[in-house]
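Undergrad: Dropping the sequence and predicted coords here.
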Amino acid sequence: MKKFDLELAVGLFMIAGIICLGYLTIKMGKMDVLGKKGYELNAVFSNTGGLKTGSPVVIAGVKVGRVKRIILDDYRALVAFNLPLDIKIQEDAIASVKTKGLIGEKFIEITPGGSEKIIDHGGRIRDTQPAVDMEHLISNYVFGKL
Amino acid sequence: MATFARLADMFLLRKLGGAGLEYLYRMGVMGLFLLKAFFYVFIPPLKFIRVVKRVHFIGFQSMLVIVLTGGFTGMVLGFQGYNSLSKFGSEAFLGPMVGLSLIKEMGPVLTALVVAGMAGSAITAEIGIMRITEQVDAMELMGLNPYRYLVVPNLLAIMISLPLLTAIFDVIGIFGGFLIGVKLLGVGTGTYFGEMASYMAMKDIMEGVYKSLSFGIIIVWVCCFKGYYTGVFTGFGAEGVSRATIQAVVLCFVLILAWDYFMTSLLF
């Protein structure tokens, strides 16, 4: 019984620790454990303005996916992101980099299009809008170019 | 008179040199101790049941203290964070502030300090008493390797249990902050957790794990070393054990905080 107690206690401790570690990595670290089925789309932006891997992708304010990677391609940013299989993106959809609040983090918003054609896995959203450069905008306003 | 002064100078110089060499020698012994400990980790047979016992001792028995310190740390962070952030009207960032400071700094460091104070001092006292009562020598005489029985199980057990304890500390702390920030001060639940999740990356969590792993190695290294060399460096007898324990805990604390700085600047 003594030995059983020892192992039970250690087991309890390990389980508690692993649950906490799992909570942190999955909930906070945004690790995809189960590898949810989805597909990947690309979009090319002239300026991502600080978009990061793991930044959210939203449609109508609802988070649907995450940015998977950002690489430089011909002096522009090629952003790949994941979407669940049941969300279809039309060929004429618009992807834009937006900011949450005035100084918040960056995310990609997809505005659905009206086309019949659906973009397949690995396809590219052609219509994109780069991040708004807040300083540029303010300087335009101050110097009266707007 | 001049010759006397010169003699005194020489004496002082010699003392200084002797002390310097002595410290250099001790550092060398300490370094070799760590190397040997790691060497015996990979040499079978591994005393598995001893590792489990040490996980019970280091991990399970520290759990209650970790839960208490974690909870109160999170609650204090909730109060202080809310207080500072509300001056800028950005209470919404309470979640990221509590979460990031817990996961990157407070969690690993405070857990390591608690474990060093609890388990570390016990390890030093235990091994120190075994040394001064010549049990370690008896082991060697019987052809048993003291490293395998005394050091390796502790090393493995702390490398398992310290990251887990840190994770428990972090989660309890986050919920402590939630209790104060959301339930008492009125930040939205979704704001607290949503903002926290959006500002936290896998990198931050891994930083905490790396830190707690290295702190664990520091604790076992220092505490086992101080206990193992009790007779040699701190004198025999009960006083030697008490001195070794004090030295172990103090050195642990200093090394943990100093190493934390270097880890942070390295991983920044």
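TA: Perfect, thanks for sending it.

Undergrad: dump the residue contacts of residue A:76.
TA: Contacts here follow C-beta atoms under 8 Å, 6 or more residues apart in numbering or on different chains; on that basis residue A:76 touches A:44-46. Just so you know, the C-beta spots here come from the backbone N, C-alpha and C atoms, and that holds for glycine as well.

Undergrad: Quick one: classify residue 128 as helix, strand or coil.
TA: Since you didn't name a chain, this refers to chain A. Using DSSP: H, G, I helix; E, B strand; the rest coil, the secondary structure recorded for residue A:128 is strand.

Undergrad: and the lengthiest helix in chain A, is it in reach of chain B?
TA: If you go by DSSP state H, chain A has its longest helix at helix A:2-23. Yes - Helix A:2-23 reaches chain B (C-beta under 8 Å from any C-beta of the partner chain) through A:6-7, A:9-10, A:12-14, A:16-18, A:20-21, A:23.

Undergrad: mind listing what's buried in the strand or helix carrying residue B:4?
TA: Per DSSP states H and E: residue B:4 is located in helix B:2-41. By 16 or more other C-beta atoms under 10 Å in any protein chain shown, the buried positions in helix B:2-41 come out as B:30, B:33-34, B:37, B:40-41.

Undergrad: again with stretch B:134-143
TA: Neighbour-count burial for stretch B:134-143 [16+ other C-beta under 10 Å]: B:136, B:139.

Undergrad: tell me the contacts of residue A:133?
TA: A:47, A:49.

Undergrad: From residue B:50, how far out is it?
TA: 62 Å (C-beta to C-beta, to the nearest Å).

Undergrad: Kindly export the helix or strand bottoming out on mean pLDDT in chain B (C-alpha atoms) in CSV.
TA: Scoring the helices and strands of chain B by mean pLDDT, DSSP states H and E places helix B:230-234 at the bottom, with a mean of 77. Output in CSV follows, covering the C-alpha atoms of helix B:230-234 (Å, rounded to 0.1, in the frame of the first residue of the first chain):
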residue,chain,number,x,y,z
THR,B,230,30.5,18.6,3.0
GLY,B,231,33.5,17.0,4.8
VAL,B,232,36.1,18.3,2.4
PHE,B,233,35.1,22.0,2.0
THR,B,234,33.0,22.9,5.1
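
Undergrad: Off-centre distance for it?
TA: 22 Å (C-alpha atoms, centre = their mean, to the nearest Å).

Undergrad: For that helix, name the packing helices and strands.
TA: On a contact count with 3 or more C-beta pairs under 8 Å, 6 or more residues apart in numbering or on different chains; DSSP states H and E, helix B:230-234 meets helix B:121-132, helix B:237-267.

Undergrad: go again using 10 Å as the cut-off
TA: helix B:2-41, helix B:121-132, helix B:135-141, helix B:202-228, helix B:237-267 (3 or more C-beta pairs under 10 Å, 6 or more residues apart in numbering or on different chains; DSSP states H and E).
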